[in-house]
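In: Return atomic coordinates for the entry below.
(one chain, ligands or ions: 1)
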Amino acid sequence: MNNVATRTPILELTNLSKTFANKVIFKNINLQVMKNDILSIVGPSGVGKTTLLRTILGLEPVDSGSFKFAGQVFDPTDHSQNQIGIVFQDYRLFPNLNVLENITLAPIQAQKQTPAAAVQQADRLLEFLKLTPQRKLYPFQLSGGQKQRVAIARALILEPQILCYDEPTSALDSSNKWQVANLLRQFQKQGMTQLVVTHDDQFAQKISSDIFQMG
Ligand SMILES: Nc1ncnc2c1ncn2[C@@H]1O[C@H](COP(=O)(O)OP(=O)(O)OP(=O)(O)O)[C@@H](O)[C@H]1O
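Out: Reported below is the predicted structural model:
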């Protein structure tokens, strides 16, 4: 746990409500994500955890409510800032690109980094994530844990202020699950704020600074 006196909110959700075809998915959600925390959003299947995450990522509009990032009103659908990164449950790697190309595509194409600078940064991440031997392999040649670490590297290279994970343990066996828990703790030590959607209570209890229960 961080010292309570030093905790400051980086992301604030106020009175968020969402319906799909007149079905209320969530109503008046108030949530603060504290800087450098690992906050887990937990709850039973179908309660709206992924939908809430998608609204934070600007992939799904809310019906009402507001967002603040670092104290400023913020529109999650404006993707120009890259403040919030995501590791999807199914990783969503580009099947036709190798590991290095998967990681460098966005910095080169969207952020206009030079290929040399993007590759240098990608190689640093690959080394940290123990993926250097896999740098020229394609997604179909990787294990589940390796694919997840590539997805993490692909998010990290954009230097987000918050890194989100949707069900990070659902496709992993128990040894990979605790490896990913250790990785999240290492990122926390480096100052990263992380948001984890999970139905895995044991994982949430183990890694979280704070837990937000839905449903
Ligand atoms: N695009 C959509 N259109 C209509 N209904 C949707 C849509 N996306 C999600 N829902 C519904 O919203 C509800 C919440 O779904 P969501 O995936 O957010 O739940 P969850 O808590 O993440 O579930 P799980 O733990 O099973 O992944 C479900 O009833 C789902 O069917």
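In: For the helix or strand hosting residue 124, which residues meet the burial criterion?
Out: In the assignment (DSSP states H and E), residue 124 maps to helix 115-128. Across helix 115-128, burial judged by 16 or more other C-beta atoms under 10 Å covers 118-119, 121-123, 125-126, 128. Just so you know, the C-beta spots here come from the backbone N, C-alpha and C atoms, and that holds for glycine as well.
In: And the contacts of that helix?
Out: Residues from elsewhere that reach helix 115-128 (C-beta atoms under 8 Å, 6 or more residues apart in numbering): 99-100, 103-104, 107-108, 113, 132, 134-135, 153, 156-157.
In: can you tell me how far residue 196 sits from the ligand?
Out: Distance of residue 196 to the ligand, computed by C-beta to the nearest ligand atom, to the nearest Å: 12 Å.
In: That residue belongs to a strand?
Out: Yes. Under DSSP: H, G, I helix; E, B strand; the rest coil, residue 196 falls within a strand.
In: Any idea what it is bridged to?
Out: Beta-bridge pairing of residue 196 under DSSP bridges involves residue 40, residue 165.
In: Could you double-check that it sits in contact with residue 38?
Out: Yes. Contact criterion C-beta atoms under 8 Å: residue 196 and residue 38 qualify, at 6.4 Å.
In: quick one: common contacting residues for the two?
Out: Counting by C-beta under 8 Å, 6+ apart, the shared contacts of residue 196 and residue 38 are 184, 207-208.
In: I'd like the buried residues of helix 115-128 written out as JSON lines, with pLDDT and distance to residue 86 added.
Out: Putting the buried residues of helix 115-128 into JSON lines (pLDDT from 0 to 100; distance: C-beta to C-beta, whole Å) gives the following:
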{"residue": "118", "pLDDT": "97", "distance to residue 86": "19"}
{"residue": "119", "pLDDT": "97", "distance to residue 86": "23"}
{"residue": "121", "pLDDT": "97", "distance to residue 86": "19"}
{"residue": "122", "pLDDT": "97", "distance to residue 86": "18"}
{"residue": "123", "pLDDT": "97", "distance to residue 86": "23"}
{"residue": "125", "pLDDT": "96", "distance to residue 86": "16"}
{"residue": "126", "pLDDT": "97", "distance to residue 86": "20"}
{"residue": "128", "pLDDT": "95", "distance to residue 86": "19"}
